[in-house]
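Chemist: Fold the following for me, if possible:
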Amino acid sequence: MHSQSLTAKRIFLNAGMVIIAAMTFSAAVRVSAQDTDYASERRRAMQLLDESKILEALPILEKLAAQNPRDGEVQFFLGFCIFARSRDIKDPVLHKRERLRARGYLVRAKELGVTEPILVQILASIPPDGGEAPKFSTNPQVDAAMNDGEAAYTRGEIDKALAFYARALQLDPKLYEAALFAGDMQFKKGHSSTDAAQRSALFDSAGEWFTKAIKIDPDRETAYRYWGDVLLEDGKDDEARSKFIEAILADPYNNLVFNGIGRWAKKKQVQIGHPRIDIPATVTSKKAGETTITVDEQALKGSDGDGSAAWMMYGVVRAGWLDKKDGGRSEKFARAYPGEAAYRHSLAEEVEALRSVVESVQTQTKEKRIKTLNPSLDNLVKLNDDGLLEAYVLFARPDAGIARDYMAYRKANRDKLTRYWLDVVIGG
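Modeler: Presented below is the predicted three-dimensional model:
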């Protein structure tokens, strides 16, 4: 498991700036009529967080949380600040106590409706008893340098933090977080600079650090996403889009990964999304060899002339992948996944089922039985014709079984996955 603190920290550096701005505005509207001082102090706390002055923001947030215990965003940021500060506490008892206190505020924020993915990740990193912060490295010198960097960052000492992260990478050239955090600090310095030339140089330097992180581990999404944030702020929107897509390809089942492309779309005023395909059929099996195929009657009422009868094939094909009556694997599943002893819903099964629907539509079209094709079927046919049906299933319709096929498909079809995002999710 990767260290969780790197993800938590970043909320105040790029993605978090958008969150902070949105929360500040909404809260000001909500409370200004009741308490102008509260709104003013809240904006001040958010500004300090934007400036990485976590320790200065913390007492303000504590005061705000006591004044209005139902402000979920304040509870969230207070929990994060305590969590960040805990890394600088050497006493193990106090360290654990602060992590537990941070967890309490974060749990409260969740109860109050805060839904940021980062909240879930931080909570997952703090066990109910507080636990201990994960180590960055088994090498004491490397771990100490990283913790010193984190402590400096918490105090708002960006240059010192950068020096510690650089030192850690020098000691361990394979430490992903060291390169990632160093780039993060360069971005933060660029974000705060008012000198155009210096700002650009710092952004370029951040990209160089992120390049190092990607070389260490190209299958982690964070460096791509952070780099995209830098490029987006630097006005290099097309390059930012490419990095955000690379982040998605690296880890598509991590909710945080979509924040970047969402910010890009908002800036460009572009509507993005997967094509809508409503499948009116389900396949269930409560006992080996016994399968129930259900087709939504309402969906088929307009089947005369729109091709909807093709959905019958979806259930028929999927049923052929389920276990046989004796409990053994079906021939289709065994042939596709010879090394797996137990059935699971798979990419191969879903694609074959959807492709059989397309083939039925094609047959109906040749026989001139379709007057106006159902929109879902029209989208499905287009994806199939463009060779992007697998990409659609992996990104838009994954379950635990299908997700297991992602890495192998990506290894051989990265170009198709990229094209799906560019031409369908964004371009569509």
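
Chemist: Any chance you could list what contacts stretch 252-262?
Modeler: The contact list for stretch 252-262 (C-beta atoms under 8 Å, 6 or more residues apart in numbering) reads 7, 15, 117-118, 120-121, 221, 225, 228-229, 232, 240-241, 243-245, 247-248, 250-251, 272, 394-395, 398, 403, 406, 421, 426. C-betas here are computed from N, CA, C, even on glycine.

Chemist: what are the ranges of the strands in the stretch 101-250 of the chain?
Modeler: With strands called from DSSP state E, counting those that start in this stretch, the stretch 101-250 of the chain shows none.

Chemist: Now list the buried members of the contacts of stretch 252-262.
Modeler: Among these, those classed as buried by 16 or more other C-beta atoms under 10 Å are 7, 15, 117-118, 121, 221, 225, 228-229, 232, 240-241, 243-245, 247-248, 250-251, 272, 394-395, 398, 406, 421, 426.

Chemist: In helices, which of the residues you listed fall?
Modeler: Secondary structure assignment by DSSP state H places 7, 15, 117-118, 121, 225, 228-229, 232, 240-241, 243-245, 247-248, 250, 394-395, 406 of the buried ones among the contacts of stretch 252-262 in helices.

Chemist: residues of stretch 168-180 that come out buried?
Modeler: Per 16+ other C-beta under 10 Å, stretch 168-180 contains these buried residues: 168, 169, 171, 172, 175, 176, 177, 178, 179, 180.

Chemist: Quick one: mean pLDDT over that stretch.
Modeler: On average, the pLDDT along stretch 168-180 is 98.

Chemist: List of residues touching it?
Modeler: 2-3, 6, 136-137, 139, 141-142, 145-146, 149, 165-166, 182, 209-210, 212-213, 216-217, 220, 222-223, 226.

Chemist: how about low-confidence regions in the stretch 151-300 of the chain?
Modeler: Filtered on pLDDT under 70, the stretch 151-300 of the chain yields the residue ranges 298-300.

Chemist: got the contact list for residue 424?
Modeler: Going by C-beta under 8 Å, 6+ apart, residue 424 touches 274, 275, 383, 386, 388, 391, 392.

Chemist: now it: how far from residue 241?
Modeler: When distance is defined by C-beta to C-beta, to the nearest Å, residue 424 is 14 Å away from residue 241.

Chemist: Closest one of the buried residues of stretch 168-180 to residue 329?
Modeler: For the buried residues of stretch 168-180, the closest approach to residue 329 (C-beta to C-beta) belongs to residue 176, at 38.8 Å.

Chemist: roughly how far apart are the closest one and residue 286?
Modeler: From residue 176 to residue 286 the distance is 45 Å (C-beta to C-beta).

Chemist: before we move on, what about residue 349?
Modeler: For residue 349, the distance to residue 286 - C-beta to C-beta - is 18 Å.

Chemist: repeat for residue 374
Modeler: Relative to residue 286, and taking C-beta to C-beta, residue 374 is found at 30 Å.

Chemist: Compare those two (neighbour count), which wins?
Modeler: residue 374 (22 against 7; other C-beta atoms under 10 Å).

Chemist: Tell me the secondary structure at the nearest residue to that one once chain neighbours are set aside.
Modeler: Spatial nearest neighbour of residue 374, excluding adjacent residues (C-beta to C-beta, 6 or more residues apart in numbering): residue 306 at 4.3 Å. The three-state label given to residue 306 by DSSP: H, G, I helix; E, B strand; the rest coil is coil.

Chemist: Tell me who's in contact with residue 306.
Modeler: 370, 371, 372, 373, 374, 377.

Chemist: Now the last one. Nearest residue, chain neighbours left out?
Modeler: Translated: residue 377. Nearest to residue 377 is residue 307, by C-beta to C-beta, 6+ apart, at 5.0 Å.

Chemist: My guess is the one you found contacts residue 375. True?
Modeler: No: checked against C-beta atoms under 8 Å, the pair residue 307 and residue 375 is beyond contact range at 10.5 Å.

Chemist: For the two, indicate the residue with more neighbours.
Modeler: Between residue 307 and residue 375, residue 307 has the larger neighbour count (other C-beta under 10 Å), namely 26 against 13.

Chemist: Dihedrals phi and psi, that one?
Modeler: Here is the backbone geometry of residue 307 (degrees, to the nearest 10): phi 80, psi 0.

Chemist: Please list all residues in contact with it.
Modeler: Residue 307 neighbours (C-beta under 8 Å, 6+ apart): 360, 361, 364, 365, 369, 370, 373, 374, 377.

Chemist: how about a markdown table for these, with pLDDT, distance to residue 411 and secondary structure added?
Modeler: Below are these laid out as a markdown table (pLDDT from 0 to 100; distance: C-beta to C-beta, whole Å; DSSP: H, G, I helix; E, B strand; the rest coil):
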| residue | pLDDT | distance to residue 411 | secondary structure |
| --- | --- | --- | --- |
| 360 | 95 | 31 | helix |
| 361 | 96 | 31 | helix |
| 364 | 93 | 36 | helix |
| 365 | 94 | 35 | helix |
| 369 | 90 | 41 | coil |
| 370 | 91 | 38 | coil |
| 373 | 94 | 34 | coil |
| 374 | 93 | 35 | coil |
| 377 | 96 | 31 | helix |
